[in-house]
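J.: Have a look at this prediction, sequence included:
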Amino acid sequence: MKMVFDSTSQIMRQVIYALVLGIGASYAHFGWGVIIQIILAVLVAITVEASFLAIRKLPIKPSITDGSAVLTGILLALSIPSIAPWWIVVVGVNFAIIFGKQLYGGLGNNPFNPAMLGYAFLLISYPLPMTTWAGEFVNLTQALDVIFNLNPVDALSGATRLDDVKIQLALGKMVSELNIYSSAQMWINIGFLLGGLYLLARRIILWHIPVAFLLGIAISAFLLFAGDSEHYLPMQNHLMLGATMLGAFFIATDPVTASTTPKGRLIYGFLMGVLVVVIRSFGAYPDGIAFAVLLMNMTVSLIDYYTQPKVFGK
Amino acid sequence: MASYSFKGGIYLPNPYPVKDSEVRQVAPPKRVILPLKQRFEDEAQPYVKIGEKVLTGQIIAKTISKHSSYLHASISGVISAIKKYPIPHPSGIEVMCIVIDSDGKDEWIEIQRYNQDFQHYSPEKLIQRIREAGIVGMGGAGFPTHAKINNAQGAHTLIINATECEPGIMCDDALMQHYPREIIRGVEVLLHACGAKQAVIAIEDDKQEALHSLLMYNFNDHIDIVQIPTKYTSGAEKILIKTLFDIEISSGKFASDYGVLCQNVGTVKAIYDAIIDNKPLISRIVTITGSAVQEPRNYEARIGTSFASLVAKSYPNPAPHQIRIGGMMMGIDVANMHYAVYKTTNCMFVNNVVPTPAVQSCIRCGQCNQVCPINLLPQQLFWYAKSKNTNRALDYNLGDCIECRCCDVVCPSHIPLTQYFSFAKALHRKRTIEQQKIDTARERFEFKEFRVKRNKKERAEMMARKKAQLKQEMAQDASKKTKIAQAIARVKNKRDSKDENGV
Ligand code: SF4
Ligand code: SF4
């Protein structure tokens, strides 16, 4: 095998580059809010990380340059609605970095994916702003207005396709009566898929988790839909809606909190995929990625221990 | 030709290839320092005294231990000292060395002539001659060759390791290019000595010249020459056997348990010298390389020649240097060049000092477990080694790590993983010893407690017995007393009644 990287920072940088397409597609759909949230999240992430390191009297530069805080910020910004008020992202990033990472001893020691921990915290604490999405493209002034609360614009909001479907199904509608197709969501997912393929090609991530994750989603969605096509979404919608591809290639693959054995990665990814569909179909929240990730994070040390590869001569 | 490969390992480029394949013959030096022990040997006993004159090839140390071999003077001159010198070793130990100051004549002892045809000799005799020629494994480990052959008696296959083990080391490549005839003949001797039917010479596929030289001289049907990929750790014995024959040697077992004997190609040449030319092991080829020398080169030097004199011939940059004896992966860092070429030293790296990159946290990226040839999970081992949880690390098979450093090389966080592993292993050894000590101490203590208790109990029992006895005696006494009293009373009564009657 070839050596590709000489540092952790380089890996994180590549991951950030790979996000560009998906971010572009999100921007095209949701507008300027996406960009503002990302900038805000990154600034907050760096500040929190640096101040925390300063409090712990640790060297600041190596941890900031490893890029992990920046990446956490971006992933969280991408997960929250682009028109959420500014304090949402500030609170979320603070929670992610302090409770998700630094209190465990910093990068490499955290059992939970920090971005997803931050997201779950926000979703539970502030369900309303966390589920109010931009219904159309939002220009720069509008975005600044809503995010910084200068001038609330209710007209902009809507629900995402997954939320919408969920509400409609709850109201007793059948899947066949709903418009479950969203080209914008599909393009966003394709953007992240392409970025993910780039990471695979550069061997920054390994295929096991994304493939197993997508398979887990596909198989469980297929079975549910085959069982009851009026109440469950078809497989292709599960794959192309919500944060599926972002989750598959950028969140589930977070190396720190994922299983590290080859077999373990397959189990980890697959079960996570199944959980996503289960939470989407039966849970109270629209998208299940964050909870699926956190639940699977808890099983990692168990999975790792029981899936140790066969050692030479044993 | 079948394609051979193995799981894990890394392709490492040779950083400083030796440009010309010539081997520089180095004149016998003014002084040699010869250690009485290699890495895994028992120490040999000097057979000479200070001030004694010796000839080249003369035995200067002998041994009765099976795990040790003879030592010969590599130049002629006078024994000037027998004292301790540091040898390249991870813990920087010193061993007894014999120092010879040259008389400038390089006068040889009279060589005992044997019949050239080794087939006339029994394997036992050949093994004895190998021992007397002072041959040890020249690939680096330095295990005495006669002992290894003896252990492998009844082997069906002989493997000649011509893989060079690590990028940068070039001495075996040069050896094969220069002495192909001797090597093939040496393999024949070895086949006869160990009784194997078949020999395989395994050579890395980047050594085409060496391969062709060997092919040109090999007319023996019992000797195969195969190419294996130039991938690091291919030369590790167990990995090599797996690569060639798909035999996976169980953890804790040895090649000899599977009827396989492995020998380094340099050792084979030394065996040729000993058996066919009747010359003991007094010289070897070493590579001088690294970023700080302008002409990386192979030198054939007498054992005991100082490294500094060889490095000087390769035009080093001015100091400071980072010096490493052995390969860049598994070699040992040393502080200076004041070491001598030993039977086992194949290479010296002289590098310019470069800052080591800052160590970052493990991000569990898994690069390390992909390259581990033993299929371990270095990141888990690291986690437990760092927290000194040796038991858990052993659960993750710490004991099987061959310390090849593949994981270190690929780690994007630049963690010196292997250092942690050898530390954890040492810690475990220490803890085991301490635990044993504690166990014996506790046993001793418990026994003492037990003894004290037992004595107490015994004493108590004895006392009780005695008391009872005493009581009984007293009781008996008492009954005696009453009897006496009664008797007295009776007598008295009688007397009284008599008196009454008599009055
Ligand atoms: S290569 Fe280094 S950073 Fe990656 S898992 Fe292994 S020890 Fe951790
Ligand atoms: S040093 Fe040990 S853990 Fe690392 S690659 Fe080699 S055998 Fe595996």
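T.: Alright, I've got the coordinates. Ligands and ions are numbered 1, 2, ... in the order given.

J.: Just the element for B:C368, please.
T.: helix B:367-371 (DSSP states H and E).

J.: now swap in B:E473 and tell me
T.: helix B:417-502.

J.: Help me confirm that B:I323 is found in a strand?
T.: Yes - assignment of B:I323 by DSSP: H, G, I helix; E, B strand; the rest coil places it within a strand.

J.: Can you report how many residues neighbour it?
T.: 24 (other C-beta atoms under 10 Å in any protein chain shown). (Each C-beta comes from the backbone N, C-alpha and C, glycine too.)

J.: B:P318 too?
T.: If we define neighbours as other C-beta under 10 Å, then B:P318 has 7 of them.

J.: Shouldn't it be within a helix?
T.: No - in this structure, B:P318 is coil, not part of a helix, as judged by three-state DSSP.

J.: Torsion angles phi and psi at it?
T.: When read as degrees, to the nearest 10, the backbone of B:P318 gives phi -60, psi 150.

J.: Which pLDDT value goes with it?
T.: For B:P318, the model assigns a pLDDT of 88.

J.: And it, how close does it get to B:Y16?
T.: Using C-beta to C-beta, to the nearest Å, B:P318 is found at 18 Å from B:Y16.

J.: Surely B:A358 and B:H414 touch.
T.: Yes - using C-beta atoms under 8 Å, B:A358 is in contact with B:H414, at 6.9 Å.

J.: Is ligand 1 within reach of stretch B:395-403?
T.: No - residues of stretch B:395-403 are not located near ligand 1 by C-beta under 6 Å from any ligand atom, the shortest gap being 13.0 Å.

J.: Say whether chain A is contacted by that stretch.
T.: Yes - judged by C-beta under 8 Å from any C-beta of the partner chain, stretch B:395-403 and chain A are in contact via B:395-397, B:400.

J.: hang on, the earlier thing: chain center to the helix holding B:E473, what's the gap?
T.: Centroid separation between helix B:417-502 and its chain, computed with C-alpha atoms, centre = their mean, to the nearest Å, is 57 Å.

J.: tell me the contacts of B:G139?
T.: Contacts for B:G139 were tallied using C-beta atoms under 8 Å, 6 or more residues apart in numbering or on different chains; they are B:161, B:165, B:235, B:264, B:266-267, B:344, B:346.

J.: which parts of stretch B:354-367 are buried?
T.: Judged by neighbour count (16 or more other C-beta atoms under 10 Å in any protein chain shown), stretch B:354-367 contains these buried residues: B:360-367.

J.: Save the contacts of B:G139 as a markdown table, and put in distance to chain A and neighbour count too.
T.: What follows is those, written out as a markdown table (distance: C-beta to the nearest C-beta, whole Å; neighbours: other C-beta atoms under 10 Å in any protein chain shown):
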| residue | distance to chain A | neighbour count |
| --- | --- | --- |
| B:N161 | 18 | 26 |
| B:C165 | 17 | 26 |
| B:G235 | 15 | 27 |
| B:N264 | 21 | 27 |
| B:G266 | 26 | 28 |
| B:T267 | 24 | 25 |
| B:T344 | 25 | 26 |
| B:N346 | 25 | 27 |
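
J.: what about A:F282, neighbour count?
T.: Neighbours of A:F282 under the rule other C-beta under 10 Å: 10.

J.: per-residue pLDDT, it?
T.: Looking at A:F282, its pLDDT is 86.

J.: Next one: it relative to chain B, how far apart?
T.: Relative to chain B, A:F282 is positioned 31 Å away (C-beta to the nearest C-beta, to the nearest Å).

J.: do you know how far B:I433 is from B:A426?
T.: 11 Å.

J.: just B:P280 next, same as before
T.: Look at B:P280 and B:A426: by C-beta to C-beta, they are 36 Å apart.

J.: Worst mean pLDDT across the helices and strands of chain A, which element?
T.: In chain A, the helix or strand scored least confidently by mean pLDDT, DSSP states H and E is strand A:157-158, which has a mean of 60.

J.: Spatially nearest residue to B:S5 (excluding sequence neighbours)?
T.: Leaving aside its sequence neighbours, B:S5 sits nearest to B:P229 (C-beta to C-beta, 6 or more residues apart in numbering or on different chains; 5.5 Å).

J.: Wait, that neighbour touches B:E204, no?
T.: Yes - the pair B:P229 / B:E204 is scored as a contact, 7.2 Å apart, by C-beta under 8 Å.

J.: Who has more neighbours out of those two?
T.: Per other C-beta under 10 Å, whichever of B:P229 and B:E204 has more neighbours is B:E204, with 23 against 17.

J.: which residues pair with the one residue in the stretch 101-250 of chain B that gets nearest to ligand 1 across the strands?
T.: At 16.0 Å from ligand 1, B:Y232 is the closest residue in the stretch 101-250 of chain B, using C-beta to the nearest ligand atom. Beta-bridge pairing for B:Y232 (DSSP bridges): B:I10.

J.: List the residues that contact it.
T.: With contact taken as C-beta under 8 Å, 6+ apart, B:Y232 is in contact with B:9-12, B:166-167, B:329, B:404, B:406.

J.: out of the residues you listed, which are buried?
T.: B:9-10, B:12, B:166-167, B:329, B:404, B:406.

J.: quick one: low-confidence ranges for chain B?
T.: Scanning chain B for pLDDT under 70 picks out B:1-3, B:39-40, B:116, B:496-503.

J.: Near chain A, which residues of it are found?
T.: Going by C-beta under 8 Å from any C-beta, the residues of chain B near chain A are B:10-11, B:238-239, B:242, B:248-253, B:357-358, B:360-367, B:369-371, B:373-377, B:379-380, B:395-397, B:400, B:409-410, B:412-414.

J.: Would you map the strands across chain A?
T.: A:133-134, A:157-158 (DSSP state E).

J.: mean confidence for the longest helix belonging to chain A?
T.: Scanning chain A for the longest helix, with DSSP state H as the assignment, gives helix A:32-55. In this model, helix A:32-55 has an average pLDDT of 92.

J.: Is it in proximity to chain B?
T.: No - taking C-beta under 8 Å from any C-beta as the criterion, helix A:32-55 and chain B are apart, separated by no less than 12.4 Å.

J.: From the residues of chain B next to chain A, list the ones also adjacent to ligand 2.
T.: Among the residues of chain B next to chain A, proximity to ligand 2 is found for B:371, B:374, B:376 (C-beta under 6 Å from any ligand atom).

J.: Among those, which one lies nearest to ligand 1?
T.: Closest approach to ligand 1 among these (C-beta to the nearest ligand atom): B:V371, at 8.6 Å.

J.: Could you pull up the residues touching the nearest residue in space to the closest one that is not next to it in sequence?
T.: Once flanking residues are discounted, B:V371 sits nearest to B:C406: 4.4 Å by C-beta to C-beta, 6+ apart. With contacts defined as C-beta under 8 Å, 6+ apart, the neighbours of B:C406 are B:8-10, B:232-233, B:329, B:368, B:371-373.

J.: Measure how buried residue 312 is and give me the count.
T.: Just so you know, I chose chain A. Around A:F312 there are 23 other residues, counting by other C-beta under 10 Å.

J.: nope, chain B
T.: Residues near B:A312, counting by other C-beta under 10 Å: 13.

J.: And the one 4 residues further on, by the same measure?
T.: B:P316 has 19 neighbours, counted by other C-beta under 10 Å.
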